[in-house]
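**Student:** sequence first, predicted model second:
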Amino acid sequence: MRVTRALGRRLGRVLPFLAGALAGAAAVRVVWGARCSRLSADPYGEAAGRGHPESPPSAAALAAGYETTDVSARDIARIMAVFAVGGFASVGLMLWGLGHLHQADMARAAGLTGVERTPITVPEPHLQADPQTELGALQVRQAALLHHYARLPAGLARIPIDRAMVLLVGTPMDPPGTVFASAAASGRSRP
């Protein structure tokens with residue numbers, strides 16, 4: 001409905017210009033015809049024979065498709081009018097269809113949740129300008145995490161991985177006092 005009103009407003013703006021253009025073309029035609037009739041009694045040269053062959057076309061020329069009549073300006077004007085009406089009709093049908101499509105989209109969107117209405121943002125591409133330098137910086141950061149001491153929040157600390165392995169080697173991971181049953185006593189074979 002909103003699209004139809006918008007189309008009507010636009011056509012209301014365009015139609016006066018179109019009517020003015022047609023009236024101007026008709027006025028030019030009338031003025032030009034009056035001017036030509038004042039210049040000579042034979043403005044198109046029909047009496048002098050201009051535009052007509054001196055002898056009628058031969059049978060071979062007629063068989064080859066020689067045209068014996070000129071193009072009719074009235075027929076050209078009719079063809080142009082049909083094209084203009086067809087163009088306006090096709091644009092109108094397209095706008096009408098787009099209006100119905102918009103209404104259908106609005107009706108469908110009314111039933112969507114807030115999450116479904118959220119537009120999807122496509123992440124930007126992460127292109128590397130200098131891959132070798134960035135790889136070196138990554139390796140330096142990882143080496144700093146693995147081989148240096150650091151204080152962490154809540155009284156924790158990060159120690160180098162070599163020192164952590166020395167502290168854990170030979171220290172049992174199970175709580176003290178854990179009793180292990182032998183594989184033979186439990187009836188299972190060792191893998």
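**Tutor:** Sure, I can see it. Numbers count the residues shown, from 1 in each chain.

**Student:** CA only for contacts and neighbour counts going forward, please
**Tutor:** Fine.

**Student:** any idea how far residue 26 is from residue 32?
**Tutor:** Note on residue 32: its distance to residue 26, by C-alpha to C-alpha, to the nearest Å, is 10 Å.

**Student:** let me fix that: residue 70
**Tutor:** In terms of C-alpha to C-alpha, residue 70 sits 22 Å off from residue 26.

**Student:** the two: which has the busier surroundings?
**Tutor:** Neighbour count, other C-alpha atoms under 10 Å: between residue 70 and residue 26, residue 26 has more, with 12 against 8.

**Student:** what sits against that one?
**Tutor:** If you count contacts by C-alpha atoms under 8 Å, 6 or more residues apart in numbering, residue 26 has none.

**Student:** repeat the analysis, applying 10 Å as the threshold.
**Tutor:** 20, 32 (C-alpha atoms under 10 Å, 6 or more residues apart in numbering).

**Student:** and it, what pLDDT?
**Tutor:** Predicted confidence (pLDDT) for residue 26: 83.

**Student:** host element of it?
**Tutor:** If you go by DSSP states H and E, residue 26 is part of helix 2-39.

**Student:** repeat that for residue 155.
**Tutor:** Residue 155 belongs to no helix or strand when assigned by DSSP H and E.

**Student:** read off the pLDDT value for it.
**Tutor:** 87.

**Student:** burial of it, as a residue count?
**Tutor:** Other residues within reach of residue 155 by the criterion other C-alpha under 10 Å amount to 6.

**Student:** how close does it sit to residue 138?
**Tutor:** 27 Å.

**Student:** residues near residue 103, how many?
**Tutor:** By other C-alpha under 10 Å, 15 other residues sit near residue 103.
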